[in-house]
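>>> I would like the atomic coordinates for the input below:
(one chain, ligands or ions: 2)
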Amino acid sequence: MKTVGYINSYRLQEIERSLEIRIQKEKVQEFCVKHGFELLKMYEEPEESRPDYKPELIKLINDASKREFEQVIILKFDRFGHDDTMRTWVMGELKKYKVETYSLTESKIQLEKVPTAISRAERIRAKVRDIPSLPEIVTKVMEIVQDPRSSASQLSRVIFHDPGLTTRVLRLVNSAYYGFPRQISSIQQAVTILGFTTMRGLVLSSSIFKIFSPKNDLIKTLDYKKFWKHSLVSAISAKKINNYLQFNEEDDIFSAAILHDIGKVILDQYDHENYTLVLQKVSNPLVGHELLAAEEEYCEISHQNMGYMVAEGWNLPESLSEVIRHHHDPMNSIKNKKLASIVNVGNILSHIALDLNSFDAKLFNKEVLDYLGINEDDLLVINSQIIEEIENIGDLESFFK
Ligand SMILES: [Fe+2]
Ligand SMILES: [Fe+2]
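Ligands and ions are numbered 1, 2, ... in the order given. As a prediction, the model looks like this:
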C-alpha cells in the first residue's frame, strides 16, 4: 500500500517543536513497518502555518487527487478536531479519492503508545458533523412541552414569533390528515384542539422537513417526492391502525411515522456516494433486511441507527427516537414497543398502497401482528381505508411545500 504521512506540531518553542516532529516521524515510520506499508513521503507543516491555512495539507490533498498514494497517516488528527469544518473537509476530500486515513492519536509524546486507526464510530460521527442543530425555537418548544408548569398561551406565543413555522404548522393542522371540518386559523386554536404533545410533533416534523429538503439536484439519489409520500402514507396508515385498534397513541403517531425513515435522507445527504451504491444494490424497498444490510455494508450504519443517532443528538423525545431506531424490529424496542409496532405495520401498509398493486400478508411480521392483536382480516379492512383516504387526500405533495 502506497502510504504518506502528515505531521504538524502545534508547539511554539523551537526545541519542543523539533523534538515533537522527530518523534512524530518515528511514529509514522514505526506504524508503516509494523503494518507493511510502503512509506512514500511525509508532509510536514511549516512552523508558520496558521490554524486556518495549512499549505502542506493542501499539497497532500492535491496529490491525493492525482492518486499518488492510497493511504495517509495523520498525526494529531485530534487537533483537527478543534475545527470541525477543516476535519470534515479533509475527510471528505480523502474519501473522494478513495484514500484510507489512519490517525495516530497522542495526548502525550510517548514513543511506545500504540497507534490506532480511526474507529468505525469516529468515521460515522464524521458523516454527521455538518448536520445543523435544530433551530432554537424548536428546542424552546420542546422545553415548554416538557415542563408541566407551562401554559397553552406560552406555547402559542413562542410558535407565533416565527412566521415561517406558524405557516408550516397551520398547513399541517389544516391538512386532510387531521380532517377538521373547519379551518384552524391560529396557533392558539391549534394548541387547544391538538394538545401540547401533538403540537410538539408538528413543530418538530415541519422543522425537520425543512432542514432536509434537498438543497440542490446534485446531491440526491433518493427520490424525495416518493420518499415523503411514503412517509406521509405511513403516518396515515399508523393513524388508521391506532383508530382501528382503539389505541391511544395519537399524540406521537404523526411525527413518529412521518420521521421513521429520516435516516435515509441523512445518509443520502451526508454519505451520498455510499448511499448511491446502497440504492443501486437494493431496488426493492419492501425487503427491509436487505436494505439494512446494504446500508451497513456501504455506509457502516443502517438508516435506523443513523436516524436514531441524529435524533439523540437533537434531544428528540424518546418516543420518536425509539421508533426511528426500531421501526424494522419493533419487538426490540423496550419503552415504545407499541408505537414502534404500529409504525412498523404502517410502513408496510404504505408500501402496499404506493408500491404494490396487491395486498400481501407475507410482508408482515407475525410476532408484531400478534403483539398488536391484529390479524389478516383486520389488515385488509385497514388497507382499504388507507386506499380510500389517499384518494381523498388528493395532492400529497402540497403537504410538504
Ligand atoms: Fe425504514
Ligand atoms: Fe419506511
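>>> ok, now which ones touch the residue in the stretch 51-200 of the chain positioned nearest to ligand 2?
Ligand 2 sits closest to residue 177 of the stretch 51-200 of the chain, with a gap of 17.1 Å, by CB to the ion. Every residue, glycine included, has its C-beta placed from N, CA and C. Each residue near residue 177 by CB atoms under 8 Å, 6 or more residues apart in numbering is listed here: 232, 235-236, 239, 254, 393, 399.
>>> wait, residue 173 sits on residue 184?
Yes: the criterion here is CB atoms under 8 Å, and residue 173 meets it with residue 184 at 5.1 Å.
>>> okay, these two: which has more neighbours?
When residue 173 and residue 184 are compared for neighbours, residue 173 comes out ahead with 22 against 17, by other CB atoms under 10 Å.
>>> quick one: pLDDT of residue 198?
What the model reports as pLDDT for residue 198 is 89.
>>> tell me which helix or strand it sits in.
helix 196-211 (DSSP states H and E).
>>> so which bits of that helix are buried?
196, 198-209, 211 (16 or more other CB atoms under 10 Å).
>>> any idea of the angle the next helix or strand along the chain from that helix forms with helix 196-211?
The helix or strand immediately downstream of helix 196-211 is helix 224-244, counting by DSSP H and E. Taking axes from the mean of the first three to the mean of the last three CA atoms, to 10 degrees, one finds helix 224-244 and helix 196-211 inclined to each other by 170 degrees.
>>> helices or strands next to the helix or strand following helix 224-244 in the packing?
For helix 224-244, the succeeding helix or strand toward the C-terminus, using DSSP H and E, is helix 250-258. Counting contacts by 3 or more CB pairs under 8 Å, 6 or more residues apart in numbering; DSSP states H and E, helix 250-258 packs against helix 196-211, helix 224-244, helix 318-326, helix 337-355.
>>> export those to TSV and tack on distance to ligand 2?
Putting those into TSV (distance: least, CB to the ion, whole Å) gives the following:
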stretch	distance to ligand 2
helix 196-211	15
helix 224-244	6
helix 318-326	11
helix 337-355	4
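>>> get me the contact residues on the stretch 151-300 of the chain for ligand 2.
By CB under 5 Å from the ion, the residues of the stretch 151-300 of the chain that approach ligand 2 are residue 261.
>>> wait, what's in contact with the one residue in the stretch 151-300 of the chain that gets nearest to ligand 2?
With CB to the ion as the measure, residue 261 is the residue of the stretch 151-300 of the chain nearest to ligand 2, at 4.2 Å. Residues near residue 261 by CB under 8 Å, 6+ apart: 227, 230-231, 234, 303, 307, 327, 347.
>>> with residue 308 instead?
Per CB under 8 Å, 6+ apart, neighbours of residue 308: 263, 321, 324-325.
>>> name the residues that touch stretch 362-376?
Under CB under 8 Å, 6+ apart, the answer for stretch 362-376 is 241, 244-245, 286, 330-331, 337-338, 341-342, 344-345, 348, 351-352, 361, 379.
>>> isn't residue 141 up against residue 157?
No: assessed by CB under 8 Å, residue 141 is found out of contact with residue 157, at 10.9 Å.
>>> of those two, who's got more company?
residue 141 (25 against 13).
>>> which SSE is the more buried one in?
helix 136-146.
>>> name the helices or strands packed onto that helix?
Going by 3+ CB pairs under 8 Å, 6+ apart, helix 136-146 lies up against helix 152-160, helix 196-211.
>>> and the pLDDT for residue 216?
59.
>>> what comes up buried for the helix holding residue 141?
Those buried within helix 136-146 under the rule 16+ other CB under 10 Å are 137-138, 140-142, 144-145.
>>> determine which two of the contacts of residue 308 are furthest apart.
263 and 321 (11.0 Å; CB to CB).
>>> tell me who's in contact with the residue nearest to residue 322 when sequence neighbours are not counted.
Leaving aside its sequence neighbours, residue 322 sits nearest to residue 336 (CB to CB, 6 or more residues apart in numbering; 4.0 Å). Taking CB under 8 Å, 6+ apart, we find residue 336 in contact with 318-319, 322-323, 326.
>>> and residue 289, by the same measure?
residue 328.
>>> that one belongs to a strand, doesn't it?
No: remark: residue 289 does not belong to a strand; assigned using DSSP: H, G, I helix; E, B strand; the rest coil, it is helix.
>>> need the pLDDT of it.
83.
>>> let me know the pLDDT of the residue nearest to residue 14 when sequence neighbours are not counted.
Of all residues not flanking residue 14 in the chain, residue 47 sits nearest, at 7.9 Å (CB to CB, 6+ apart). Residue 47 is assigned 74 on the pLDDT scale.
>>> residue 47 contacts residue 17, doesn't it?
Yes: if you go by CB under 8 Å, residue 47 and residue 17 touch, sitting 6.6 Å apart.
>>> which among the contacts of stretch 362-376 end up buried?
Buried among these (16+ other CB under 10 Å): 241, 245, 330, 337-338, 341-342, 344-345, 348, 351-352, 379.
>>> in CSV: these, plus distance to residue 75 and pLDDT.
Output for those, formatted as CSV (distance: CB to CB, whole Å; pLDDT from 0 to 100):
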residue, distance to residue 75, pLDDT
241, 55, 97
245, 59, 94
330, 46, 96
337, 47, 95
338, 51, 96
341, 49, 97
342, 51, 97
344, 47, 97
345, 52, 97
348, 50, 96
351, 49, 93
352, 54, 93
379, 58, 97
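>>> quick one on the thing from earlier: which one of the helices and strands packed on helix 136-146 lies nearest to residue 67?
helix 196-211 (35.4 Å).
>>> and the helices in the stretch 1-150 of the chain?
Listed in chain order, the helices of the stretch 1-150 of the chain (DSSP state H, counting those that start in this stretch) span residues 14-35, 55-65, 77-80, 84-96, 120-127, 136-146.
>>> any idea which of the ones you listed scores lowest on pLDDT?
Minimum mean pLDDT among the helices of the stretch 1-150 of the chain: helix 77-80, a mean of 64.
>>> got the phi and psi for the residue nearest to residue 322?
Here is the backbone geometry of residue 336 (degrees, to the nearest 10): phi -130, psi 40.
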